[in-house]
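Colleague: Provided below for reference: sequence and predicted model.
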Amino acid sequence: MAIDFSTAPAGPVAPCAPGPGDPAEPAGPVPAAIGVPAELGELDRIARFTLDLGRRAGLPPAELYRLRLAADELATNIVMHGYRGTPGCILVDGGIEPGRVWIRFTDDAPAFDPRQGLRAPELDVPLADRKVGGLGVFLALTAVDTFDYALVAGRNVCTLAIARHDNG
Amino acid sequence: MSFDATLNLTGEVATIELKGELDASTAPRFHDLIEDAAGAGALRLDIHVSRLSYLSSAGLRSLVFARQKMGDEVRISVVGATEPVSRTIRLAGFDHSIDLIDA
């Protein structure tokens, strides 16, 4: 479910947290959803949320790394290319299902499907001359098993998932 | 999450050691050391990463920055990368112009 950030007070002290109607806080140390200011210095919280979720799902180290990489790249993309330095929030929620672990980002930046920014590495171009834009999205989409984007009530909603195998 | 980067200059060889997690928020510190190494006129740059546990695209952009700052004639090596770190470097095709060396 998308969050109505517009009801939050404006300014740097605006709480960037899930509100009424958001996924309920579960019993246990890992919340089902977090709200994070759209700033690079805050992305650690998304990494911790992602790693906690992946560990609870029993992902092996390689899959856990992929999940974290994809979440980090997409969140960075939202900060850098979505909000572009303007204040905003990123809502992150996630879940564990028998066949997959998923992370979902909801933001109020201008409508943008990250896949539009995808650019495969220019392997035949000297490194110093490479256009490095799009590398993060490339890594994210390469890392995950599924990726979905939707514009829901004017909000960007990106969902990425890693398949679970042999986790009982 | 932590990150630490140190630069050691010995003659014409610059050695940068990276520890922890290299992402968009920590990459600027790596950039600073690359500029220092380039400014010192190093002819070789060895980047030791055996204790680097995470590398995002921001770290890849740092390697492009290193290649641009150091110049084409300078050999740049990434030494001791863990499997996921070296996989990311290879996936981006950076191993064509930066040497990946086992520790």
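Modeller: The structure has been received and is ready for your questions.

Colleague: check contacts around the closest residue to A:G88 other than its chain neighbours.
Modeller: Excluding its sequence neighbours, the residue lying closest to A:G88 (Cβ to Cβ, 6 or more residues apart in numbering or on different chains) is A:A38, at 4.1 Å. Quick note: C-beta positions are derived from backbone N, CA and C, even for glycine. By Cβ atoms under 8 Å, 6 or more residues apart in numbering or on different chains, the contact list for A:A38 reads A:I78, A:V79, A:G82, A:Y83, A:T86, A:P87, A:G88, A:C89, A:I90, A:D107, A:A109.

Colleague: State which strand of chain B is the longest.
Modeller: strand B:44-55 (DSSP state E).

Colleague: Any residue of whichever strand or helix holds A:T106 touching chain B?
Modeller: Per DSSP states H and E: A:T106 is located in strand A:100-107. No: using Cβ under 8 Å from any Cβ of the partner chain, strand A:100-107 stays clear of chain B, with a minimum separation of 15.4 Å.

Colleague: quick one: stretch A:156-164 near chain B?
Modeller: No: using Cβ under 8 Å from any Cβ, stretch A:156-164 stays clear of chain B, coming no nearer than 13.7 Å.

Colleague: And that stretch, what's buried?
Modeller: A:N156, A:V157, A:C158, A:T159, A:L160, A:A161, A:I162, A:R164 (16 or more other Cβ atoms under 10 Å in any protein chain shown).

Colleague: Of these, which pair is most distant in space?
Modeller: Spatial extent of the buried residues of stretch A:156-164 (Cβ to Cβ) is set by the pair A:N156 and A:R164 at 25.9 Å.

Colleague: Not counting sequence-adjacent ones, nearest residue to B:L55?
Modeller: B:V85 (4.6 Å).

Colleague: swap in B:A37?
Modeller: Here the residue nearest B:A37, using Cβ to Cβ, 6+ apart, is B:A14, at 3.7 Å.

Colleague: Then A:F49?
Modeller: A:F49's closest residue in space is A:I34 (Cβ to Cβ, 6+ apart), at 5.4 Å.
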